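[1] got a structure for you, letters missing:
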């Protein structure tokens, strides 16, 4: 399957590598290809620059946001929360129209110190902002509640016995994304929260997630809803 | 032990009944005793009025906010989120000074329709507001993430294999509250999130909790953090 990923960070890299390993034709999009490849310093999280990663994954193409979005039968937003809307605008409404757009981003605001707060929450969400900005895209909010490593390998934790959420206005798109999550990555349990406004709840899991990360000293944990 | 409960709603009633059953001397506080006893209609959630409940629990005293707070060696805030600060002010700073104040409330705002939003979140929390308003009280945020029935009986769900959180600035108060949660109600797993600012994360679990309640059609569920 042709998959376009918006964003070259750790999330884009981790998903890209796993999806390519599964045999999918992955294209990662960035704002400025030459600039992304010219960076030689580790990123803010200490991850190696994309120029190093791309040498280990020569079969994954790096192109512009627009080319990656046009390439994808499914498009994955793996940009940072603050960059997402602009990156998707550059990718172009026409390249997203009618497609499933998996939104993985969290609107983290680092301007007020650590841990970050959210730049949108409670009465709105990033998922809703994206759906409003691209009304013809079939936005499904998911995967934003776990670390990149766990996104693509839920079995590394408790044999996969923990939960993921999907939010979106298009029931068929959510069914399809749930199928992708299960077949691409091995997720066992995916809870449909409801329409895209339920992304508020999923995004508002971040503040406690960040505190639990602080308490446990590892991001290798996840929520399970016990019924 | 002498326990003062602020609030006559379903949370105050459920905790009061369980604590009295455990042999504690429970006093429930309200703004106006005569008015509370005069109500004969079910509340907004369809629960019977306090006047009916109190007849089934004649050993639990109903007094003013101030009398209940003065009575308690530990004080429990079981008022609604919007009423909490005012109720505690009426209870009186002097009656809370030096005491553990367990804050169970959620700042639900029903004015924008259903499901409710939060009236405070992200950069502040109700727990912090209460700690700032009563700097000499030892505020511990807890129990706000589960239904009243589950608060006092965690074993009704998955043999108690799910998690509760505590947030607060006073480590000794959190240790004491954790002990209360285990011995009073049988909680097995209590996670210390950190200082009172971590109440933001615990309170921001409400939006997804409300959506899960909608999806499951029952409030009999809880979070478990899988590590």
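    Arrived safely. Predicted model, so just to flag it, every value in this text is computed and none were measured. Residues are numbered from 1 along each chain as shown, chains lettered A, B, ... in the order given.
[2] just the pLDDT at residue A:225, thanks.
    What the model reports as pLDDT for residue A:225 is 98.
[3] before we move on, what about residue A:46?
    83.
[4] what about it, how many neighbours?
    7 (other Cβ atoms under 10 Å in any protein chain shown). The C-beta positions use only the backbone N, C-alpha and C, and glycine is treated the same way.
[5] starting at the chain centroid, how far to stretch A:150-161?
    Centre-to-centre, stretch A:150-161 and its host chain are 17 Å apart (Cα atoms, centre = their mean, to the nearest Å).
[6] now it: buried residues?
    A:150-154, A:157, A:160 (16 or more other Cβ atoms under 10 Å in any protein chain shown).
[7] before we move on, what about stretch A:200-219?
    A:200-212, A:215.
[8] now do stretch A:86-104
    Quick answer for stretch A:86-104 (16+ other Cβ under 10 Å): A:87-88, A:90-92, A:95-96, A:99-104.
[9] what does stretch A:3-17 give?
    So for stretch A:3-17, counting by 16+ other Cβ under 10 Å, buried means A:3-17.
[10] and that stretch, average pLDDT?
    Stretch A:3-17 shows a mean pLDDT of 97.
[11] residue A:139 against residue A:133, yeah?
    No - applying Cβ atoms under 8 Å as the test, residue A:139 and residue A:133 come out as separate, 9.5 Å apart.
[12] neighbour count winner among these two?
    residue A:139 (30 against 16).
[13] name the helix or strand for the closest residue to that one other than its chain neighbours, please.
    Distance criterion Cβ to Cβ, 6 or more residues apart in numbering or on different chains; nearest residue to residue A:139, sequence neighbours excluded, is residue A:131 at 4.3 Å. Taking DSSP states H and E as the criterion, residue A:131 maps to helix A:126-133.
[14] now the element after that helix, going C-ward?
    Remark: after helix A:126-133, the chain's next helix or strand is strand A:138-142, criterion DSSP H and E.
[15] so how far is the helix or strand that comes right after that next one from its chain's centroid?
    Remark: after strand A:138-142, the chain's next helix or strand is helix A:148-151, criterion DSSP H and E. Offset of helix A:148-151 from its chain centre (Cα atoms, centre = their mean): 10 Å.
[16] for the record, mean pLDDT for helix A:148-151?
    98.
[17] and the strands in chain A, which stretches?
    Here chain A has its strands, by DSSP state E, at A:2-6, A:25-30, A:61-64, A:74-77, A:100-103, A:108-109, A:117-118, A:138-142, A:163-167, A:189-194, A:222-226.
[18] does residue A:199 touch residue A:129 like I think?
    No - in this structure, residue A:199 is not within contact of residue A:129 by Cβ under 8 Å, at 9.4 Å.
[19] what's the burial count for residue A:162?
    Residue A:162 has 23 neighbours, counted by other Cβ under 10 Å.
[20] so it versus chain B, what's the distance?
    Between residue A:162 and chain B the distance is 4 Å, computed by Cβ to the nearest Cβ, to the nearest Å.
[21] for that residue, phi and psi?
    Dihedral pair for residue A:162: phi -160, psi 170, per degrees, to the nearest 10.
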